[in-house]
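Participant: Here's a sequence, model it:
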Amino acid sequence: MEIATNFTHEEEGEILERPALFTTILPGLPGYTWQWIPPMGQYVLKWKPVPTFYSPPCLDQSVIMRTLAVPPEVLGGMGLVIGREGCFFKQLTGQSGCLYLFYRSEFANIEIWGKPEAVAHAMILLTHHMQSIRQQYFPTVPAYCL
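Facilitator: Presented below is the predicted three-dimensional model:
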């Protein structure tokens, strides 16, 4: 994600010819940095997720966020849903085309960020994955609970 803006990089009243390549913008928005693009003569706002830290692409207006509730019987197996070091979430992000997945334990849901069609695809893949985990590891839970 990129947002370009024109402004002069100033420090203590002096205009710097070569500003720092990356400058974090706001502590409340992890994952976002300003990058100076010399040929363009401007800063570009870049987003990159920060692993294991909540850092959604919330400044991009073309991105939507949907939540998917985690069924109570699968909550004990969220490690299996996410995968070791997030491997399933990373795989699902690539397969669906979504930008960002994050499990919010305080709300017992998964946030899915991306373009609408990618989010819809990710929701289907996640639902199937959670059903598979429930059937494989928690088979005594009735199917109607999902």
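Participant: any idea how the protein splits into domains?
Facilitator: Per the record's domain assignment (automatic domain parsing), the chain is made up of the domains 2-47, 64-145.
Participant: Comparing the ones you listed, which comes out most buried?
Facilitator: Highest mean neighbour count of those: domain 64-145, a mean of 15 (counted as mean count of other Cβ atoms under 10 Å). Every C-beta, even on glycine, is put in place using the N, C-alpha and C of the backbone.
Participant: what about it, average pLDDT?
Facilitator: Computed over domain 64-145, the mean pLDDT rounds to 90.
Participant: roughly how far is that domain from the heart of the chain?
Facilitator: Relative to the chain's own centre, domain 64-145 is displaced by 13 Å; criterion: Cα atoms, centre = their mean, to the nearest Å.
Participant: mind starting the numbering at 480 from now?
Facilitator: Okay, using 480 as the starting number, the last item reads as domain 543-624.
Participant: ok, what's across the strand from Q521?
Facilitator: Beta bridges link Q521 to I516, judged by DSSP bridges.
Participant: Can you give me the distance of it to P509?
Facilitator: Distance, Q521 to P509, using Cβ to Cβ, to the nearest Å: 23 Å.
Participant: Can you tell me the centre-most residue of this structure?
Facilitator: The geometric centre of the chain, computed from its C-alpha atoms, lies nearest to Y579 (Cα atoms, centre = their mean), at 2.4 Å.
Participant: Enumerate every residue touching that residue.
Facilitator: Y579 is in contact with P528, S534, P535, P536, T572, E590, I591, W592, G593, counting by Cβ atoms under 8 Å, 6 or more residues apart in numbering.
Participant: among those, which are in strands?
Facilitator: In this view, the contacts of Y579 that belong to strands under DSSP state E are E590, I591, W592, G593.
Participant: is it possible to export those to TSV including distance to M544?
Facilitator: Formatted as TSV, these follow (distance: Cβ to Cβ, whole Å):
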residue	distance to M544
E590	6
I591	7
W592	5
G593	9
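Participant: Now the residue nearest to the centre of the chain: closest residue in space that isn't a chain neighbour?
Facilitator: Of all residues beyond its chain neighbours, the one nearest Y579 is W592 (4.0 Å), with distances taken as Cβ to Cβ, 6 or more residues apart in numbering.
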